[in-house]
Structures are given as C-alpha cells and as structure tokens.
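J.: A structural model of the following input is requested.
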Amino acid sequence: RDGRNTGEVVDTRWSAFARTDLVDRSGDTGLNFYVDGGAGSYMFRFPGDYRRLFFLRREAAFFPYYFGKRERALIVGPGGGADVLYALMTGWRDIEAVEINPEIVDLVRERGDYNGHLYDLQGVDVHTGDGRNYLQRSDRRYDLIALPLVYAEAADLVGYALAENYLFTREAFAAYLDHLGEGGRLVLVVHNHALMLRVVATLEALWLERGGEPGRILDHLVVVNGSRGDATSEEAYRPLLLVQKKPYTAYQLGQFRKVMTELELNAYFMPGLRERSAFTPLRTAGLAAFVAATEFDISPVTDDRPFFYDATPGLDVKLVWLLWGSGFLGVVALLAPLAFGAMCER
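T.: Purely as a prediction, here's the structure:
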C-alpha cells in the first residue's frame, strides 16, 4: 500500500461527546478528523519546517492571519489544528484555541511526531471545552477571534438543521465583538451563500440593537470567496467573513486587495469597492427587506432559536420524506399485528 487516498481509518475514539475517526485520505499532506462520520477537520503533516507548507498561504482560510497586530488570537474549534498552524506561520505571538471534542485534542497530541507537536509549541495554549463559555468567562481582549469552517457535505447540513448551535447567534456575536481589542477582527468561515447572508442578518440585528445606523454594518465587513470560488458568480463560495470593530479604511481595503491579487483569491464583497446586489436591500431598505429578498430563511439567529443551519423555509424536503417514511412505518407496525390476528381467526 502506498498510503495515498485510501480512506483508511487509522484511529477511532468513542466518548460521551461523539465517535471520532482519524482517516488517511490524502497521504502525504495530512489526515482527516471526522466526528460521528460527518463534520471534519484537517491535521497537516508538519515536520517543523514552515517552508514545507508554503502552499497553504493560498488558502482563503489563511488570509485573515496576514493582517492586524499579530499578537493575541483566539481560535474557537481548531479541530486538527490547521488554523493554529496558519497563525504560527504568520508570526502570531499568543495563540489560544478552544476545542469542544477532547478526543481530537488527545489524538493531535498523541501524534505529535506527525504534526510537529503543534498543540504544545511555544505560544500555543489549547483548552478543552465550549468556546463561547470559555470566552464569556475571560476578560482578555483579542486581535483576532476565528471560527474555522467545520467541513461537512451538503447532505450533512440537513442533519445540522435541527441541531442547536450557540456559536452563531446574535448573543454569541456580541460576546465575540466585545472581546476584540482596538482594531480587532472576527473571522468566520461558513459553508455556502445562504449561511453567509444569515450571518450578515444576525450581525445587522445586533448592530441595530446597539443603536447602529441601518445597513452600516456593511462598512465593517469584507467577504472573501473560498480558494476555488468563481469571481463572476453572484453567490459566494465557501465564504470567509472578516468583521472589524471599526469601519474599514481605504488603506486597509487596498492592502486586502493587494494580498488577494498576489494569492489569486477574490473578494466577494468589499464596502465601496465591490458591492453586491445581495446586500442592496440591506443598504437601501433595512433588515426586514434584506431577509425577505431571498428564497432562503436568513432571519437572525438568537439563543432562543439557535438553529443556524436551518436556512430552508418551512421543513426541508429530505426531512419531510423522513417524517412521511417514519409515519408510514409506524402505521405498518400498528396494523401488522391486527392483520395477523385476523388471519389467525380465519
């Protein structure tokens, strides 16, 4: 076996949290973590020489780490450590990471010879627990707070629709922004265009709650397409959102554009430079018009209704079929004994 693209499960851990699999799918560059067979993250092979991973600088998720003071970063949900690696490669001084799945943290540490002992390097402080709770107990301020993308297939998102997620609510965004230092940024990566719009709607709801002028949250926002995104599409691809406490300046946007050009990335949205029709209702008519302008349910997410991934109006088609199927099987289960009894009486 040459070790390439085998999809071989090399380790499995069970806990009260979930089943965690470490899978070899990519051979030389790294290994994949999967939680309950779905949501995943990546652990790169890191021999200690950053030059061996120079190719990563063209990844959209790498982009936010180029900018800012590069002093203190918080990564909520580091998984296999890719974002920790990005921060190290760009010279961030203090990197805190909070991972809710203890098995992933243990596996990363146990395979230190493979990943360069990433979670035990100087300047890296990894905690196990809920990222939002960790943040709300802290009085620290960060120059960057990042929520990396949890990799999932489209089918997996259907299962997420009914799962509570308190990391993407209005109250969560308030906690993140309140823990940013002067000039700090919140970075989020989401799966698709609809979820990007929902993040923006939720941020606008928070902005209005705090007395902001309608639509001006967009002056604090940059959206970058994922590394394989189509610059001509009206829909964002694996969008990366950079939310800044202060409005972006022309100089900052110019720096962003320069680096994106060098790395062959493209901006989906930059205030005043690359406006998008998807945001026009928010600029001109307000939050309600913005939410109503799309076929998706992008209404703001709150702690009282924390179903961030449920962006399908009404019930999802797959869920409807599941409910119909369950109902049918239930009826069969109830009627089968009656039919059997009637046959026996004959």
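J.: Just give the number of residues close to the residue nearest to residue 229 when sequence neighbours are not counted.
T.: Leaving aside its sequence neighbours, residue 229 sits nearest to residue 237 (Cβ to Cβ, 6 or more residues apart in numbering; 3.4 Å). (Glycine included, C-beta is placed from N, CA and C.) By the other Cβ atoms under 10 Å criterion, the neighbourhood of residue 237 contains 19 residues.
J.: Go ahead and confirm residue 306 touches residue 170.
T.: No: counting by Cβ atoms under 8 Å, residue 306 does not reach residue 170; the two are 9.8 Å apart.
J.: between those two, what contacts are shared?
T.: Both residue 306 and residue 170 lack any common contact, where contact means Cβ atoms under 8 Å, 6 or more residues apart in numbering.
J.: So residue 114: helix, strand or coil?
T.: helix (DSSP: H, G, I helix; E, B strand; the rest coil).
J.: Please apply the same query to residue 219.
T.: Reduced to three states by three-state DSSP, residue 219 is helix.
J.: can you count the residues close to the closest residue to it other than its chain neighbours?
T.: Using Cβ to Cβ, 6+ apart and skipping residues adjacent in sequence, the residue nearest residue 219 is residue 247, 4.1 Å away. Neighbour count for residue 247, taken as other Cβ under 10 Å: 13.
J.: cool, and residue 130?
T.: Count around residue 130 with other Cβ under 10 Å applied: 16.
J.: try residue 222
T.: By other Cβ under 10 Å, neighbour count at residue 222 equals 27.
J.: So what does it have for phi and psi?
T.: Dihedral pair for residue 222: phi -130, psi 140, per degrees, to the nearest 10.
J.: so how far is residue 243 from it?
T.: Residue 222 sits 8 Å away from residue 243, taking Cβ to Cβ, to the nearest Å as the criterion.
J.: Over to residue 112?
T.: The spacing between residue 112 and residue 243, counted by Cβ to Cβ, is 34 Å.
J.: same thing with residue 13?
T.: Between residue 13 and residue 243 the distance is 34 Å, computed by Cβ to Cβ.
J.: shaky segments in the stretch 51-200 of the chain?
T.: Under the criterion pLDDT under 70, the flagged ranges of the stretch 51-200 of the chain are 150-162.
J.: just the helices in it please.
T.: Using DSSP state H, counting those that start in this stretch, the helices of the stretch 51-200 of the chain run over 82-89, 102-110, 112-115, 131-136, 154-160, 170-178, 193-209.
J.: tell me which residues of stretch 176-183 are tucked away?
T.: 176, 177, 179, 180, 181 (16 or more other Cβ atoms under 10 Å).
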